[in-house]
Every structure is written in C-alpha cells, then in structure tokens.
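Enquirer: show me how the following folds:
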Amino acid sequence: MIDPALHSELRERFNPDGSPLRRHQLLMLDMLKKIDRLCRDNGITYWLSSGTCIGALRHGGFIPWDDDVDIEMFEPDFKRLRRLMMDYSGDDLVWQDSSTDYEYVQPFAKIRDTHTEICELENADRNYKYRGAFIDVFVLRPSSSLKLYEFGGKFQQLFFYRTQRLENRFLRRSVLSFSRVFVSRMVFPLLNYIGMVGSNGQFRHRLGTNFTKARSMEDIKSTRLVEFEDTVLPVPVNAENYLRKIYGNYESLPDLDNITPHITEIKYF
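Expert: Sure, this is the predicted structure:
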C-alpha cells in the first residue's frame with residue numbers, strides 16, 4: 001500500500017471528489033458490488049484482475065487515474081455468470097458479447113450499465129449496441145503456448161478489429177459473419193485444443209486478446225478478500241505473485257505525465 005500522503009496527492013491530482021472521473025469510478029464500484037453479490041449468491045468464483053487488482057493492493061481501491069474495471073474467472077464460472085446475466089431481470093445491467101450485440105468483436109465479455117453512454121479512445125465502440133460504462137469479464141483457459149496466443153491476437157486484429165472500422169454496414173456485417181464462422185468456430189477452437197496440451201497449470205485469456213501473460217494455478221487456485229474503496233472484494237490468493245509475473249514491480253508508479261485514459265466522454269441518462 002502506498003503512503004497515505006502520496007495517495008491523497010494522487011487523488012487530488014487525478015480523481016478528486018466530484019470530478020467526472022471520480023463519478024465514473026463510483027458508478028463502476030456500484031456495478032462491481034452488484035456483480036459481487038450475484039456471484040456470491042450463486043457460488044461463482046471471480047477476482048479483481050490486472051489494473052483493478054493493482055489498485056486494490058497498492059491504493060486500497062481504484063488507481064486514481066483508472067477508468068475501467070477488469071475481473072477474471074475460470075471458464076465454468078464464466079459460463080454460469082453468462083447464463084445468470086442473460087436471465088437478469090434488472091434494467092440497470094446488461095451482458096455484452098457477440099450473441100447480444102452483433103457488432104461486438106472482443107474475445108471477452110463486458111457487463112454494461114444501461115443508464116450511461118461512453119465514448120472509448122479512438123471511438124473504438126462506435127458500432128456497438130451497448131455503450132454504457134462497463135466491467136470487462138475475462139475467461140481463463142489452460143494454455144502452454146505463448147506463440148499461439150500472439151498468433152491469435154494477430155488474427156483477431158486482422159478479421160475483427162479492422163472489420164469493425166468499415167463504414168459500410170452491410171459489408172462490415174458480411175465480413176464479420178464470415179470471420180466468426182472461420183476464425184471463432186474453426187481456427188480458434190483448434191488452436192485452443194493445441195494450446196491446452198502440456199499447459200501444466202498455466203492459464204491465459206481466451207485467444208484473440210493482446211493480454212498474453214500466463215497466470216499460474218498456484219496463484220489463482222483460490223481467492224482472498226481485500227479492501228477496495230468502501231467494501232471488500234476478492235483478489236487471487238497469491239495476488240502479489242500474480243501481479244509480479246504480469247507487470248514486474250507493480251508497486252512502482254508509472255510516469256504520471258504519460259497517463260492515457262481509455263474513455264474520452266461519458267453521458268448519464
């Protein structure tokens with residue numbers, strides 16, 4: 001945990017109370033609490049991941065300049081959460097993947113707030129049906145090969161990300177349809193199967209992401225609760241090792257003059 005005085009200084013610089021970023025963080029915190037309750041009530045194991053996990057351990061909450069939330073889980077829990085969200089009766093959250101939003105091209109899911117609209121960096125979400133504040137939900141699969149994941153990421157960029165930028169809607173959707181059949185139902189399943197051989201306790205995100213660092217079973221075999229803002233939320237049981245393997249010295253602050261936000265605008269309804 002960083003020094004309280006430095007934490008206060010960072011909060012004042014990046015996300016003071018009442019600022020647009022702080023308002024956005026508190027909305028995501030409310031979303032996290034709802035997801036946490038849903039997971040606990042249904043025996044689903046998940047944990048704060050990536051920068052959100054760094055925030056929990058280093059700042060006791062959000063990294064002061066952070067404008068998104070990441071969680072991870074194993075595939076069986078991911079499938080259970082998806083089923084629950086597809087049957088979710090509230091009007092505040094919605095599950096987003098390619099089955100609920102045809103234009104959505106990411107290999108991970110998002111849980112979106114339905115009462116906001118954001119604009120991501122470079123307007124990357126401009127064709128999406130759901131554009132509210134979000135929490136990224138990553139699924140982990142056994143993997144022994146980094147090369148396969150680098151290859152999968154290039155495929156994803158070639159077939160999906162570039163297709164997403166086509167202005168002609170008919171052409172864009174036609175290429176997306178072909179890509180999903182060829183890449184998602186043929187190429188990626190084969191690569192996943194090959195990658196599982198000899199995984200030896202290593203897990204990675206679903207093929208197609210650019211987040212290729214392996215997670216070790218010894219670090220994520222269970223979770224523990226830590227303080228996060230005004231609540232407690234789960235992180236990997238060996239969260240410190242988990243983060244060092246991904247980021248190295250995660251306790252050090254980055255160059256604060258080169259912070260790039262993911263979100264450029266947010267509207268509330």
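
Enquirer: next, the buried residues of stretch 32-44.
Expert: 32, 34, 35, 36, 38, 39, 44 (16 or more other C-beta atoms under 10 Å). In short, each C-beta sits where N, CA and C put it, glycine included.

Enquirer: among those, which lie within helices?
Expert: 32, 34, 35, 36, 38, 39 (DSSP state H).

Enquirer: can I get these in TSV including distance to residue 166 and pLDDT?
Expert: What follows is those, written out as TSV (distance: C-beta to C-beta, whole Å; pLDDT from 0 to 100):
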residue	distance to residue 166	pLDDT
32	34	98
34	35	97
35	33	98
36	38	98
38	36	97
39	37	98
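
Enquirer: let me have the residues you listed in a markdown table, extended by distance to residue 118.
Expert: As requested, these are exported to a markdown table (distance: C-beta to C-beta, whole Å):
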| residue | distance to residue 118 |
| --- | --- |
| 32 | 16 |
| 34 | 18 |
| 35 | 18 |
| 36 | 22 |
| 38 | 22 |
| 39 | 24 |
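
Enquirer: tell me which of the residues you listed is nearest to residue 63?
Expert: In terms of C-beta to C-beta, no member of those lies closer to residue 63 than residue 32, at 14.3 Å.

Enquirer: residues touching the closest one, list them.
Expert: 69, 71, 135, 228, 233 (C-beta atoms under 8 Å, 6 or more residues apart in numbering).

Enquirer: go again with 10 Å.
Expert: Contacts for residue 32 (C-beta atoms under 10 Å, 6 or more residues apart in numbering) come out as 48, 52, 69, 71, 111, 135, 228, 229, 231, 233.

Enquirer: among the residues you listed, which lie within strands?
Expert: In strands, judged by DSSP state E, the following of the contacts of residue 32 are found: 48, 71, 111, 135, 228, 231, 233.

Enquirer: could you report the distance from the last one to residue 208?
Expert: According to C-beta to C-beta, to the nearest Å, residue 233 stands 27 Å off from residue 208.

Enquirer: and what of the fifth one?
Expert: When C-beta to C-beta is applied, the distance between residue 228 and residue 208 equals 29 Å.

Enquirer: swap in the first one?
Expert: Between residue 48 and residue 208 the distance, using C-beta to C-beta, works out to 22 Å.

Enquirer: the third one too?
Expert: With distances defined as C-beta to C-beta, the gap from residue 111 to residue 208 amounts to 19 Å.

Enquirer: and for the second one?
Expert: Applying C-beta to C-beta, one obtains 18 Å for the distance of residue 71 from residue 208.

Enquirer: cool, residue 77 as well?
Expert: In terms of C-beta to C-beta, residue 77 sits 20 Å off from residue 208.

Enquirer: looking at those two, which one has more neighbours?
Expert: Higher neighbour count among residue 77 and residue 208: residue 208, with 24 against 18, using other C-beta atoms under 10 Å.

Enquirer: could you double-check that the more buried one sits in contact with residue 108?
Expert: Yes. Using C-beta atoms under 10 Å, residue 208 is in contact with residue 108, at 8.6 Å.

Enquirer: on contacts alone, who are the packing partners of the helix or strand hosting residue 13?
Expert: Element membership for residue 13, per DSSP states H and E: helix 4-14. Packed against helix 4-14, as judged by 3 or more C-beta pairs under 10 Å, 6 or more residues apart in numbering; DSSP states H and E, are the following elements: helix 20-41.
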